[in-house]
Each structure stands twice: as C-alpha cells, then as structure tokens.
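Colleague: Structure for this input, please:
(2 chains)
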Amino acid sequence: GQNIDQPTEMTATEGAIVQINCTYQTSGFNGLFWYQQHAGEAPTFLSYNVLDGLEEKGRFSSFLSRSKGYSYLLLKELQMKDSASYLCVTGGYNKLIFGAGTRLAVHP
Amino acid sequence: SQTIHQWPATLVQPVGSPLSLECTVEGTSNPNLYWYRQAAGRGLQLLFYSIGIGQISSEVPQNLSASRPQDRQFILSSKKLLLSDSGFYLCAWSVLRDGAIGSNTEAFFGQGTRLTVV
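Modeller: You can find the predicted model right below:
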C-alpha cells in the first residue's frame, strides 16, 4: 500500500525559511513530487525528485532520501503569497498519490 | 502546448440525481488521466485513473464510475448522487516519463468542479 505523512499546519514569518517534511511508504516508487495549492484552486507542480539529493529551483528546493522514505520542501525568503497548502506526492505505477497536505500560513 | 478543460466549474445537484463531469485534454497523445476528489480542508483522494481508452482503474469503492470513450476524454459519472459525494473534483493528466512503463511525469490539473449535493 501507500502512505504519506506530513504535518497538518505550519506557520512562518515573511522573509524566513521554512522546511516541510514528508515521509512516505509506497509500493513501486517512481519519484516524489511537491505541489502547491491555494485555497479553492487546483494544485500546481513545484518540484520532482527521483534520485537522492537536493533539487533547487529559485526560492524552492526539494530533497529526497529513498532509503529513508523521506523528502522535504524548503522555501526561502518567504512571501505572503506563499501561504498555501503544500502537497507531498508519490509517483506509483501509472498513478500519483497525494498526501493530505501541509497548510502554511505566512505572517508579516 | 497542452491544455486541459474541465466543466462545469460549479454544480449544485439534488440527492438521487445523476452526475456527469467531463474532462478533455489537448496537445498530447495517450495521456494518463485521473479523477481526484478533495473534501473541504482535506487532501486529494484518487478516485480513478486510466492509462488508455477503455482502461479504468478504481481506487476506492464508491458511488461513482468513470469512462474513457476517447484518448483525451475522461468522464466521471454517478447514477444517484449522495450527500457524501459533495466535494471539489479535479481531473488531471500526465505522460510517461521517458516512455518508461509505469513512470509518470508531473500531473497537470484542470480548474476543478465544485459539486454540492443538496
């Protein structure tokens, strides 16, 4: 089966750095994705990791350790618009399984 | 470029009525197609996915069914809606990464349908 765990809520200050952790158990691993979802909107793709290590894309970085079943999303220089849910997603065989998401609130 | 269309954007239906939500994809061939549901304040639940015409996999037992009559068309249906069917329904597509069987690229989502069953 597949199981994804991530914190339900986090808060952070504008300009700061926040790390959102995700642990997963999956049969047939085919990559780890992170998505951002603003309230009432569809999710949008942020990052993809299939090999161990860090992938950096602007203010966002994502890390993967396949042996530990662990990933994190790192957001730097937080902005108010980063307030959203962040979804950890495992790529299984022909399908993507979404975690429940972490609601991040950025305050001034 | 690829686009995905999902309609309607909002829908209010009485309990016991039928449902048909349609999703079409343009600009790609043989995509994997998905239907997800999101209850208020919750994560996305995978309902159905399809790797080809007429090939539907159901993830959870429920009051819903899906069909893929054409390569780029995915339909979510119900014969009789329940109150518990209310939610935000999202259609998505992805393609195989590097052509490898079972290996997905990221999924791209339609704008979603907010269904309220009353």
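Colleague: Tell me if I'm right that B:Ile56 and B:Leu64 touch.
Modeller: No. Counting by Cβ atoms under 8 Å, B:Ile56 does not reach B:Leu64; the two are 11.1 Å apart. C-beta here means a position set from N, CA and C on the backbone, and glycine is covered the same way.
Colleague: all helices for chain A, in order.
Modeller: Taking DSSP state H, chain A contains no helices at all.
Colleague: Can you tell me which residues in it are near chain B?
Modeller: A:28, A:30-31, A:33, A:40-45, A:48, A:87, A:89, A:91-101 (Cβ under 8 Å from any Cβ of the partner chain).
Colleague: which of those residues count as buried?
Modeller: Buried subset of these (neighbour count, 16 or more other Cβ atoms under 10 Å in any protein chain shown): A:30-31, A:33, A:42-43, A:45, A:48, A:87, A:89, A:91-92, A:94-101.
Colleague: how much space is there between A:Ile97 and A:Tyr24?
Modeller: Separation of A:Ile97 from A:Tyr24 (Cβ to Cβ, to the nearest Å): 9 Å.
Colleague: List the pairing partners of the helix or strand bottoming out on mean pLDDT in chain A within its sheet, with orientation.
Modeller: The helix or strand of chain A with the lowest confidence, counting by mean pLDDT, DSSP states H and E, is strand A:95-98 at a mean of 81. Sheet pairing for strand A:95-98, assigned by DSSP bridges, gives strand A:84-92 (antiparallel).
Colleague: Give me the contact list for the partner strand.
Modeller: With contact meaning Cβ atoms under 8 Å, 6 or more residues apart in numbering or on different chains, strand A:84-92 is reached by A:2, A:4, A:6, A:20, A:22, A:24, A:26-39, A:43, A:46, A:71, A:73, A:96-99, A:101-104, B:43-44, B:102-104, B:107.
Colleague: Could you give the separation of it from the chain centroid?
Modeller: Put simply, strand A:84-92 sits 5 Å off its chain's centre (Cα atoms, centre = their mean, to the nearest Å).
Colleague: So what's the gap between the helix or strand harbouring B:Ser50 and the chain middle?
Modeller: B:Ser50 is part of strand B:44-52, with elements assigned from DSSP states H and E. Relative to its parent chain, strand B:44-52 has a centroid offset of 7 Å by Cα atoms, centre = their mean.
Colleague: likewise stretch B:40-60?
Modeller: Remark: stretch B:40-60 is offset 6 Å from the chain centroid, using Cα atoms, centre = their mean.
Colleague: What's the mean pLDDT across it?
Modeller: Per-residue pLDDT over stretch B:40-60 has a mean of 87.
Colleague: Same question for stretch A:20-37.
Modeller: Per-residue pLDDT over stretch A:20-37 has a mean of 88.
Colleague: same thing with stretch B:73-92?
Modeller: According to the model, stretch B:73-92 has a mean pLDDT of 94.
Colleague: Please apply the same query to stretch A:52-62.
Modeller: pLDDT averaged over stretch A:52-62 gives 94.
Colleague: Disregarding flanking residues, what is the spatial nearest neighbour of the residue in chain B that chain A sits nearest to?
Modeller: Nearest residue of chain B to chain A, counting by Cβ to the nearest Cβ: B:Gly43, 3.3 Å away. Nearest non-adjacent residue to B:Gly43, counting by Cβ to Cβ, 6 or more residues apart in numbering or on different chains: A:Ala100, 3.3 Å away.
Colleague: mind checking pLDDT for the one you found?
Modeller: Looking at A:Ala100, its pLDDT reads 88.
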